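1. Could you work out the structure for the sequence below:
(one chain, ligands or ions: 1)
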Amino acid sequence: MKPCFTTSVAPSLRFSARVLSTAHAPRRWTSKKNVRMFPKAMAPANGAISTTSRRYEGVSWSAVEALCNDIFQKAKNQNFDVILAVSRGGLVPAVLLCEAFELRNILSATVIFYADNGEQFFGMTEPRFLAFPSADALEGRRVLVVDDVWDSGRTAQAVRSRVLRAKPKDVKVAVLHYKPDRNIFPGEEPDFFSAITTNWVVYPWERPSPKTPQVGLDSADSSVKQGSADTTSTSVA
Ligand SMILES: O=P(O)(O)OC[C@H]1O[C@H](OP(=O)(O)OP(=O)(O)O)[C@H](O)[C@@H]1O
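-> This is a model prediction of the structure:
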């Protein structure tokens, strides 16, 4: 199967300085889908990064589908009653998983933690909830929390804790990408994840920004390992 991902990032010393100066380095960046930013000769040979030691990983729409399908295969026997999407990153995966699970009951938690430049909003040390479902929508239910990435794990853990306060029958967390190297919760990890990465993941729904590097989706990136359905650029767990 052909690799779905690429990475090619415009070299920017200004950007490098910003990343290096960030205490909790941002975990991903906004993207421009299917845009090649370099003349071909300048592109990194393997399609992967350029600045500092950080690697960027662009995820294509087809790869998102494959990652979601991989989660579905791992979790399909769980009989969830409701999917709780963590907005915004978890919204698209949650819809795909709802279709896979044939679930109509989808809720969302609106959480902010990182600004569009990848740094924490106003130095926030914890995610902040802008919206969360009422307790009676979760009480006694088997809840699947869905997000795109578990980086530090703060967002997923905050959502999980808040769900638990509503006394669900069960709560599980699923993410497309898990970054164990950046997880700050020893002994905790997503219940379901499709890929492990150390890269800065750029999803196809993310909006490009003139201040950020651009990540193309038209060549292969880094280590590739088969998932259950399709190809991903990172190792599928
Ligand atoms: O594990 P963590 O360190 O908490 O990071 C992961 C969270 O960061 C991103 O959200 P972000 O705050 O960027 O909001 P967005 O999804 O609306 O872009 C992502 O969608 C996760 O929710």
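2. Might you name the residue of the protein sitting closest to the ligand?
-> residue 89 (2.5 Å; CB to the nearest ligand atom). For every residue, glycine as well, the C-beta is placed using N, CA and C.
3. Give me the neighbour count for that residue.
-> 24 (other CB atoms under 10 Å).
4. What sits closest to it if chain neighbours are left out?
-> residue 148 (3.5 Å; CB to CB, 6 or more residues apart in numbering).
5. Who are the contact partners of that neighbour?
-> 89-90, 92-93, 175-177, 201, 203 (CB atoms under 8 Å, 6 or more residues apart in numbering).
6. For it, give me the pLDDT.
-> Looking at residue 148, its pLDDT stands at 97.
7. ok, now the one 5 residues further on?
-> At residue 153 the predicted local distance difference test score is 96.
8. Quick check: it touching residue 193?
-> No - assessed by CB atoms under 8 Å, residue 153 is found out of contact with residue 193, at 11.3 Å.
9. if we can go back for a sec, give me the element the residue of the chain closest to the ligand is part of.
-> For residue 89, there is no enclosing helix or strand under DSSP states H and E.
10. ok, it touching residue 203?
-> Yes - Residue 89 lies in contact with residue 203 (CB under 8 Å); the separation is 6.9 Å.
11. what are the ranges of the strands in the protein?
-> Under the criterion DSSP state E, the chain contains strands at 56-58, 82-87, 106-112, 128-131, 142-150, 170-178, 192-196, 200-202, 225-226, 231-232, 235-236.
12. Put together a markdown table for these, with distance to residue 97 on each row.
-> Formatted as a markdown table, those follow (distance: least, CB to CB, whole Å):
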| stretch | distance to residue 97 |
| --- | --- |
| strand 56-58 | 21 |
| strand 82-87 | 6 |
| strand 106-112 | 9 |
| strand 128-131 | 20 |
| strand 142-150 | 6 |
| strand 170-178 | 7 |
| strand 192-196 | 10 |
| strand 200-202 | 18 |
| strand 225-226 | 20 |
| strand 231-232 | 16 |
| strand 235-236 | 16 |
